[in-house]
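Visitor: Fold the following.
(chains A and B)
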Amino acid sequence: MAMAWIWTGMVAVSIVCGLSTGRGAQVASAAMEGAQAAVELCISLLGVMCLWMGVMEVMRRCGLAEKLSGLLRPLLRLLYPGFRDDRGVMDAVSANFSANLLGLGNAATPLGLDAVRRMSRRSPGTACDDMCTLVVCNTASVQLIPATVAAVRGAAGSAAPFDILPAVWLASLISVTVGLTAARLLSRVWRS
Amino acid sequence: MELLFAMTMPLVMLGVAAYAMGKRVDVYSALVEGAGEGLGTMARIAPALVALLTAVYMLRASGALELAAGALAPVLRLLGIPPETAPLLLVRPVSGSAALGVGAELMETYGPDSTVGRTAAVMLGSTETTFYTIAVYFGAAGVRRTRYAVPAALCADLAGFAAASWAVRLFFP
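Guide: Here you go, the predicted structure:
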């Protein structure tokens, strides 16, 4: 329902604002333009998205994600101290993290949900510290290759769509670090 | 180094294909099958993009986006974030499709290789649809007392936006 309010609000604000600034006609034609631009964006992204999804499928079938998740295990034990000895939770969180890292968003979500369900058995109804950590890790994107964004840049005519990679890595790293630090600090004052 | 980044896609393709061949995976049929799923994914995003880009274009034409950007500009400048990206900051935590649409629009308007265009791209690549993710995760676990998860995740978002702006200035002076 949230999106219904937001969308209706956006349309209402633009009509009210457009009429009061005397740009009613522009708002009317923008509605048509926007709808058309959306379809054009989809078509311009389609080829790269299909190619990338194909590469993802190859990654999935050859077990690259499992391999990565094994390598990440020691790091994740430190990140989730409350469940470090729980095999099921650790399997799920490391598979979730490696799927996120490889950009396999469709695979990451069910794994993350499995992890959070297992964690919730210990404290039903209340988020424990490790659950908050999991949510922060999943709301801060940690992706090695942001293919969708690169596809959008390519469609807009960028000379080198992937030249933003180091900037994306740095920004992701800072974002996750700040999120986890904030979580650690807040967990001291926000007791369950 | 530049060439290496330009070659990202082909190199990943080759690396993954070679690894998969070593594991005796039928690379070609997996690739084609995945590409077919890509078609379905795009078809699922398209209706949301039509709805949201229509609203975003209307907002932009009405001047409301400029007003919002103007109101937020002093705070954003303080954090080193280009005020032009204000619409992206507002929709990013709520809707992934809307953020993609707004980001694409910024890249079209200012150019994908401009500072604003690059910053928008890095913001899209380094943040997630926070509220949606939180709702899905805690909904699945039946958690109602979410404690500090929302403020911590929003801290990460804000840091991501500011860091995206700094990183673009650092790598593309």
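Visitor: The residue of chain A most remote from its centre: what secondary structure?
Guide: For chain A, the residue at maximal distance from the C-alpha centroid (CA atoms, centre = their mean) is A:Gly22, at 39.0 Å. Following DSSP: H, G, I helix; E, B strand; the rest coil, the label given to A:Gly22 is coil.
Visitor: how close does it get to chain B?
Guide: 10 Å (CB to the nearest CB, to the nearest Å). Every residue, glycine included, has its C-beta placed from N, CA and C.
Visitor: element containing the residue nearest to the spatial centre of chain B, please.
Guide: Compute the mean C-alpha point of chain B, and by CA atoms, centre = their mean the closest residue is B:Leu124, 2.2 Å away. Here B:Leu124 sits within helix B:115-126, counting by DSSP states H and E.
Visitor: Just the pLDDT at the residue farthest from the centre of chain A, thanks.
Guide: On the pLDDT scale, A:Gly22 is placed at 91.
Visitor: B:Arg147 is in contact with A:Trp190, correct?
Guide: Yes: A:Trp190 is within contact range of B:Arg147, at 5.2 Å (criterion: CB atoms under 8 Å).
Visitor: More neighbours: which of the two?
Guide: B:Arg147 (20 against 16; other CB atoms under 10 Å in any protein chain shown).
Visitor: Please parse chain B into its domains.
Guide: As given by automatic domain parsing, the domain ranges for chain B are B:1-45, B:63-171.
Visitor: helix, strand or coil for the residue lying farthest from the centre of chain B?
Guide: Within chain B, B:Arg24 marks the point farthest from the mean C-alpha position, 34.9 Å out by CA atoms, centre = their mean. Of the three states, B:Arg24 takes coil under three-state DSSP.
Visitor: contacts for stretch A:175-190?
Guide: Applying CB atoms under 8 Å, 6 or more residues apart in numbering or on different chains, the contact partners of stretch A:175-190 are A:79, A:129, A:132-133, A:136-137, A:139-142, B:126-127, B:147-149, B:151-153, B:155-160, B:163.
Visitor: and A:Gly22, what does it touch?
Guide: Applying CB under 8 Å, 6+ apart, no residues contact A:Gly22.
Visitor: what ranges do the strands span in chain A?
Guide: Per DSSP state E, chain A carries no strands over any range.
Visitor: residue contacts, the residue nearest the centre of it?
Guide: Nearest residue to the geometric centre of chain A (CA atoms, centre = their mean): A:Ser141, 4.7 Å. Neighbour list for A:Ser141: A:Asn100, A:Ser172, A:Ser175, B:Gly125, B:Ser126, B:Thr127, B:Glu128, B:Gly160 [criterion: CB under 8 Å, 6+ apart].
Visitor: same question, B:Ala140
Guide: By CB under 8 Å, 6+ apart, the neighbours of B:Ala140 are A:Leu113, A:Val116, A:Arg117.
Visitor: So what's the residue count around the last one?
Guide: A:Arg117 sits with 16 neighbouring residues when counted by other CB under 10 Å.
Visitor: Nearest spatial neighbour of it, chain-adjacent residues omitted?
Guide: Of all residues not flanking A:Arg117 in the chain, B:Ala141 sits nearest, at 5.3 Å (CB to CB, 6 or more residues apart in numbering or on different chains).
Visitor: how close does the residue nearest to A:Phe97 when sequence neighbours are not counted sit to B:Ala71?
Guide: Spatial nearest neighbour of A:Phe97, chain neighbours left out: A:Leu72 (5.7 Å); criterion: CB to CB, 6+ apart. Distance of A:Leu72 to B:Ala71, computed by CB to CB, to the nearest Å: 42 Å.
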